[in-house]
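In: Here is my input, please return the structure:
(one chain, ligands or ions: 1)
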Amino acid sequence: MDLSLPNPSWSKDMRLLFDQFMKKSEDGSWKHLPSYKNKFSRRIEDIKVFFPDAKLIKEKISQAQLFPRNFEEGLGFEYAMFHNHAEDRTVCIFQGGPYLQGAPGFLHGGAIATMIDSTLGMTALIAGGIVMTANLNINFKRPIPLCSVVVINSQVDKVEGRKLFLSCNIRSVDEQTLYSEATSLFVKLDPEKSLT
Ligand SMILES: CCCCCCCCCCCCCCCC(=O)SCCNC(=O)CCNC(=O)[C@H](O)C(C)(C)COP(=O)(O)OP(=O)(O)OC[C@H]1O[C@@H](n2cnc3c(N)ncnc32)[C@H](O)[C@@H]1OP(=O)(O)O
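Out: So this is what the prediction gives:
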């Protein structure tokens, strides 16, 4: 089941943005990236080279799931991602629910970092294959109101061998407010090197 499709908890803004990007995807310039509760069941073949404990994940497959999806509808991470191949960038529309509260009425910085890491990670994954985050720097410019809808724009800035340098920003739907901006380094995993 694709959890990145509209559900009753999505606000009007969230549905509007989703419909806008689905419309943009009709000519193939954008692609909606589906999101499943436990990605590993679909990716177990791709990742077992790099994650020898994948068999452990396989045994626990019913529990292992993509972290930003494990709350009931509307309470946590409601989001959908769209990728533009030509521009090598990914847009994530994100509505953070009440279980992600940090300061009263605002999103927790760790929840914001999770969506930044996932959006940058998806961009890096598409550009570079199986990658992991090596470095993530975030400037939190304005607090993000709980349950509001924001747009995360992420792109690949530079690739040097196995190193992918990416950046992103988080803006309000009307683009008037810059909430956060981040830079990161993702490293493409080397099958000859053990991770642990
Ligand atoms: C993936 C599974 C998919 C399946 C489902 C798909 C779901 C899709 C969801 C969306 C996607 C989410 C994606 C989440 C991504 C995480 O959240 S990953 C979790 C957080 N990150 C980690 O746990 C990684 C921990 N670190 C490591 O394992 C290792 O340090 C790394 C990053 C793999 C690099 O190790 P390595 O391969 O041995 O490479 P190493 O030689 O150390 O470094 C290579 C180069 O990078 C440089 N470098 C390394 N680290 C740094 C650093 N911190 N600062 C600066 N330079 C550095 C080195 O200096 C070196 O540079 P050069 O000498 O070549 O110029």
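In: Can you get me a residue count around the closest residue to the ligand within the chain?
Out: Of all residues in the chain, the one sitting closest to the ligand is residue 121 (2.6 Å; C-beta to the nearest ligand atom). To be clear about C-beta, it is placed using only N, CA and C from the backbone, and glycine gets the same treatment. Using other C-beta atoms under 10 Å, residue 121 has 19 neighbouring residues.
In: residues of the helix or strand where it lies that come out buried?
Out: Using DSSP states H and E, the element containing residue 121 is helix 109-128. Of the residues in helix 109-128, 111-112, 114-128 count as buried by neighbour count, 16 or more other C-beta atoms under 10 Å.
In: Ok, stretch 86-106 next?
Out: Buried-residue list, stretch 86-106, by 16+ other C-beta under 10 Å: 88-97, 100, 102, 106.
In: Can it be said to contact the ligand?
Out: No. Contact between stretch 86-106 and the ligand is absent, the nearest approach being 9.7 Å (criterion: C-beta under 6 Å from any ligand atom).
In: where exactly do the helices run in this protein?
Out: With DSSP state H, the ranges of helices along the chain come out as 12-24, 40-47, 54-59, 109-128.
In: circling back: list the residues that contact the residue of the chain closest to the ligand.
Out: Applying C-beta atoms under 8 Å, 6 or more residues apart in numbering, we find residue 121 in contact with 131, 133, 186.
In: could the residues you listed be laid out in TSV, adding pLDDT, neighbour count and distance to residue 167?
Out: Output for these, formatted as TSV (pLDDT from 0 to 100; neighbours: other C-beta atoms under 10 Å; distance: C-beta to C-beta, whole Å):
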residue	pLDDT	neighbour count	distance to residue 167
131	93	23	15
133	98	15	13
186	98	26	12
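In: which secondary element of the chain has the worst mean pLDDT?
Out: helix 40-47 (a mean of 56; mean pLDDT, DSSP states H and E).
In: For stretch 13-25, the averaged confidence score.
Out: On average, the pLDDT along stretch 13-25 is 97.
In: now swap in stretch 101-120 and tell me
Out: So the average pLDDT for stretch 101-120 ends up being 97.
In: hang on, residue 93 packs against residue 80?
Out: Yes. Residue 93 is within contact range of residue 80, at 5.4 Å (criterion: C-beta atoms under 8 Å).
In: intersection of neighbour lists for those two?
Out: 18, 21.
In: related to what we said a few turns ago, among the buried residues of stretch 86-106, which lie within strands?
Out: Of the buried residues of stretch 86-106, the ones assigned to strands by DSSP state E are 89-96.
In: Quickly check the residues you listed for the two that are furthest apart.
Out: 89 and 96 (21.5 Å; C-beta to C-beta).
In: Next to the ligand in this structure, residues from this protein, please.
Out: 39, 43, 47, 66, 117-118, 121-122, 125, 130, 132-135, 161-163, 185, 187, 189-190, 193, 195.
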